[in-house]
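Asker: Need coordinates for the below:
(chains A and B)
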2 protein chains.
Amino acid sequence: MNKKALAILMRARMRPTNPTVQSLSPFAKEMNQMQQNSQESQSAGHVVQRASEEGNSREFELVRASMHSAISMNKTEVLDTVLTSFSEGYFSLSRENRRKLLLVLAREYDLNRAQVCELIKQYLGLPPPRDKAQVSSSEEECSFSSFYRIERNLRNALKPVYEVLFDRLNTHPGGLRFLSILRADILSILTEENIASLRALDSYLKEKLSTWLSPAALELHQITWDDPASVLEKIVAYEAVHPISNLLDLKRRLGVGRRCFGYLHPAIPGEPLIFIEVALLKNVAQTIQEVLWDSPPIPESEATCALFYSISSTQPGLSGINLGKFLIKRVITLVKRDMPHISTFATLSPIPGFMQWLLTKLASQTVLAESDMSQQQAEGSSSTSTFWENILKPEEEKTLMSISKDIVTGKNGMEVMFNLLTSKDHKWTKSPELLSVLKPPLMRLCTRYLLQEKKRGKALDSVANFHLQNGAMMERINWMADQSEKGLSQSGGIMVNYVYR
Amino acid sequence: MNKKALAILMRARMRPTNPTVQSLSPFAKEMNQMQQNSQESQSAGHVVQRASEEGNSREFELVRASMHSAISMNKTEVLDTVLTSFSEGYFSLSRENRRKLLLVLAREYDLNRAQVCELIKQYLGLPPPRDKAQVSSSEEECSFSSFYRIERNLRNALKPVYEVLFDRLNTHPGGLRFLSILRADILSILTEENIASLRALDSYLKEKLSTWLSPAALELHQITWDDPASVLEKIVAYEAVHPISNLLDLKRRLGVGRRCFGYLHPAIPGEPLIFIEVALLKNVAQTIQEVLWDSPPIPESEATCALFYSISSTQPGLSGINLGKFLIKRVITLVKRDMPHISTFATLSPIPGFMQWLLTKLASQTVLAESDMSQQQAEGSSSTSTFWENILKPEEEKTLMSISKDIVTGKNGMEVMFNLLTSKDHKWTKSPELLSVLKPPLMRLCTRYLLQEKKRGKALDSVANFHLQNGAMMERINWMADQSEKGLSQSGGIMVNYVYR
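Answerer: Numbers count the residues shown, from 1 in each chain, chains lettered A, B, ... in the order given. From the prediction side, this is the model:
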């Protein structure tokens, strides 16, 4: 890297540890700024505000008109100009106007339902196709050709009109990137309001994006210290699992015994869509500390294990499109080819949903237990609520209740556990005694959470679901494997190894 | 280029001038070989042949089974193995077995029609959506959400089952290339038999391929003499417009005053999907001879015009997918940026369909004229057939009829013209007299052919249609611009300049 690039990188703001700031999309950042601006204009008086509202609405109408041309125009020569002016116009809109425009797009440019109904009638009017086994090939061909024709037409009629806009933007320079930002905006609106037409728009756009970003179109790039600062800056900004704290940390992750690979798309140059960090180790690591801070690293020729310790995607607008699966597969193939002495491919992964699941469980069971007891007293019956379950084993209950009342109080083991886990600054992690009391139930419940808790047939934990869907197996869970504030809050410091075979 | 690469290139068979050999797909080449093989086995006796038939059918069943697994299997871990064994198996099949397999795919893995009908019934059962202007947003959202849901399900149900196979192959290493070969096979079968199910399969695959090969996913690469021989070899093999006759010719096309750009896809490395050849000139060239053989070329700094003189696609399986449009657009942008002194972007293009159109016209009009005359004699009426048209002007008719009967005979100008144009070895091009007689009608009729002859609203000439659709304008037609055998046969030696503004 040359001096200038390094200077740029040094000025780059390192990733803040505040998780809410991390999740802000470019749109949300802009939003903040816009709110500030609008507050300023409010204090400047009523007249200015009204003028700016009129300006806003004129601006909105202009962008809406350019969107309409971008969809309906057929002249190749000016289409590029129209697309450029539409995307530039879109960026200049306020959040409220973007929302309005996206709703116009979702509602006024969806399907021609009259045409769909017409085709459906034609389809139902066809004579039923005969059993394929009963007829000769040529008869079959005849009877099916009308089906093929109408099915094809119906398929086309079911494509929303806004597909034209997406297709045209995709072939327009910078258009793919613009579409990804557009989708980030849609997703951000959908977290606040559940609008059916916008959800339909989102799901359609997502499907289009995922065909355009098919892994065959992506280029695997090894990110090294020799890459331009503008690329490295993005690694720093988007690393979502184990934030990069300083330049030394970044250099370490790109140095000896480490690899970093990203997927690049030709239409979004210089910005990996997703990247993965790999450590070359003697054994599968059990704590993230030894991965991030083993110094000096072992010689690469002695490594037998490639450990994936972080995978981050950079585009909020590509949410839900599984690029990671193919990235892992390709990295495994590449590492295997270059370093045949590496035979184990594993991850050291966070368990982002564990604590939330556990605390909800503990709190609700405590409430149920209380209401249940009061019910028992009132009715004099001994029936227990079917929803109530002591998630602790008798011996765990006993040791938890044996903790001195000076440290923690609670009517039962679950309440004690809840109070310990929610204590300020994770106090429990500083006491060897509390650690040894909490370890058995936490490790057991974490295994249960990872293996048994499902939502619509998928693992409840998003990271677990990702790796299991990709074909990995759960290998081991590790106690006190991530003692950072984030690790303790998310999973009580527990991490898990998944293994790819 | 290193010595070894050059040695490989020198051995490379230069493109034969026989046009039928040029259009052979890899499949067709294989076919020839297979026919030879089968002839050999025939001569080896009956027993061998039957054994090979049994072997063929066993082989077919194996590939069919692996195709079924590739579609229906859900285990990520073994899917890659299955896809590899399917594609390898496919390559080993005979043409007849490939045909059988493609028909199985087209017929047995299309739609679940029962599900489509079920969804259609649900759709028709929905209350009609009210006029958007009449209802509030939230009411509208409610009434529309069931539409969105069923439309989405219907859209999915209308996807043929074989889409799974295409999608999986696309994300499989080498799969995109395989799909392109598969489609070349389908197209080759369809030229012989018009099978509705196979046509439906083809149109679906074509649509999928064109989304995967979206221009945003393609990389523009300037092909130079420094490229690997394996790439240059492909340029030699696939140049379809003006065949490359020897190494010197190739070197010339990549040298000073010339450019060659190709589109590469990350999944098909080392093989441009399409490439374009550009000459940097002082003026828009009027003949192809001055482009191919101007020696020495002018200094590049003196050029004001970039002339596209050849564009060829390399994959028969991508037929009908317009990559050229975007290639031209990107090349123009690139050249403009690098060489601001170049202000004219034009083509020197062949007119592949002109002679065929003209000769058909001349022949049919001659026949009509004859039958018309005999009719007139029989009926004694003077009505002329509504289909008959003398495409020659009176003065053209006159000069054509004035040619000595020693040279050519004919009852009228059109027959004379037909006989001249179909004379052996294009004899007419060697006589200054005949050239001067033929030039006015040929140039006039060529203009008419290019500008007025349409088929379904598109220019009848495929090259004209391509450039006009891309937004170019017809600028000038040039007499005796391509005097090669191919140029004289296709268009009587006329070429045309299209200009991109």
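Asker: Contact partners for the most centrally placed residue in chain A?
Answerer: The centroid of chain A falls nearest to residue A:319 when counting by C-alpha atoms, centre = their mean (5.1 Å). By C-beta atoms under 8 Å, 6 or more residues apart in numbering or on different chains, the contact set of residue A:319 is A:183, A:184, A:187, A:313. No exception for glycine: its C-beta is placed from N, CA and C like everyone else's.
Asker: Could I have the ChimeraX command that selects the buried members from those?
Answerer: ChimeraX command restricting the contacts of residue A:319 to the buried ones, with burial defined by 16 or more other C-beta atoms under 10 Å in any protein chain shown:
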select /A:183,184,187,313
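Asker: In strands, which of the contacts of residue A:319 fall?
Answerer: Among those, the members falling in strands (DSSP state E) are residue A:313.
Asker: Nearest spatial neighbour of residue A:352, chain-adjacent residues omitted?
Answerer: Leaving out its chain neighbours, the residue that sits closest to residue A:352 by C-beta to C-beta, 6 or more residues apart in numbering or on different chains is residue A:490, at 5.1 Å.
Asker: tell me which element the one you found falls in.
Answerer: helix A:485-491 (DSSP states H and E).
Asker: got the buried residues for that helix?
Answerer: For helix A:485-491, by 16+ other C-beta under 10 Å, it's A:486, A:487, A:488, A:490, A:491.
Asker: Adding distance to residue B:427 as columns, could you present the residues you listed in CSV?
Answerer: CSV is the format used below for the buried residues of helix A:485-491 (distance: C-beta to C-beta, whole Å):
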residue, distance to residue B:427
A:486, 87
A:487, 88
A:488, 93
A:490, 87
A:491, 88
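Asker: would you turn those into a markdown table with pLDDT and distance to residue A:409?
Answerer: Putting these into a markdown table (pLDDT from 0 to 100; distance: C-beta to C-beta, whole Å) gives the following:
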| residue | pLDDT | distance to residue A:409 |
| --- | --- | --- |
| A:486 | 93 | 28 |
| A:487 | 95 | 27 |
| A:488 | 96 | 22 |
| A:490 | 96 | 26 |
| A:491 | 96 | 25 |
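Asker: Nearest to chain B among the residues you listed?
Answerer: residue A:491 (25.6 Å; C-beta to the nearest C-beta).
Asker: Go ahead and confirm the closest one touches residue A:480.
Answerer: No: Residue A:491 is beyond contact range of residue A:480, at 10.7 Å (criterion: C-beta atoms under 8 Å).
Asker: For the residue in the stretch 351-500 of chain A positioned nearest to chain B, report the pLDDT, please.
Answerer: Here the stretch 351-500 of chain A gets closest to chain B at one residue, residue A:471, 3.7 Å apart by C-beta to the nearest C-beta. Residue A:471 carries a pLDDT value of 88.
Asker: Now it. Its backbone dihedrals?
Answerer: For residue A:471, the backbone dihedrals (degrees, to the nearest 10) come out as phi 100, psi 10.
Asker: Let me see the ranges of the helices in the stretch 51-200 of chain A.
Answerer: A:76-92, A:95-108, A:113-124, A:137-157, A:162-170, A:175-192, A:196-212 (DSSP state H, counting those that start in this stretch).
Asker: Pick out the shakiest of the ones you listed, pLDDT-wise.
Answerer: It's helix A:137-157: among those, that one has the lowest mean pLDDT, namely a mean of 83.
Asker: Now that one: buried residues?
Answerer: A:140-141, A:143-155, A:157.
Asker: ok, which stretches of the stretch 201-350 of chain A are helices?
Answerer: Using DSSP H, counting those that start in this stretch, helices in the stretch 201-350 of chain A cover A:229-238, A:247-253, A:288-293, A:324-338.
Asker: and the third one, C-alpha only, in CSV?
Answerer: Included here for helix A:288-293 are C-alpha records, laid out as CSV according to Å, rounded to 0.1, in the frame of the first residue of the first chain:
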residue,chain,number,x,y,z
ILE,A,288,-11.9,-16.0,20.2
GLN,A,289,-9.2,-14.4,22.2
GLU,A,290,-6.6,-16.9,21.1
VAL,A,291,-7.7,-16.3,17.4
LEU,A,292,-7.6,-12.5,17.6
TRP,A,293,-4.5,-12.2,19.8
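Asker: Noted, bye for now.
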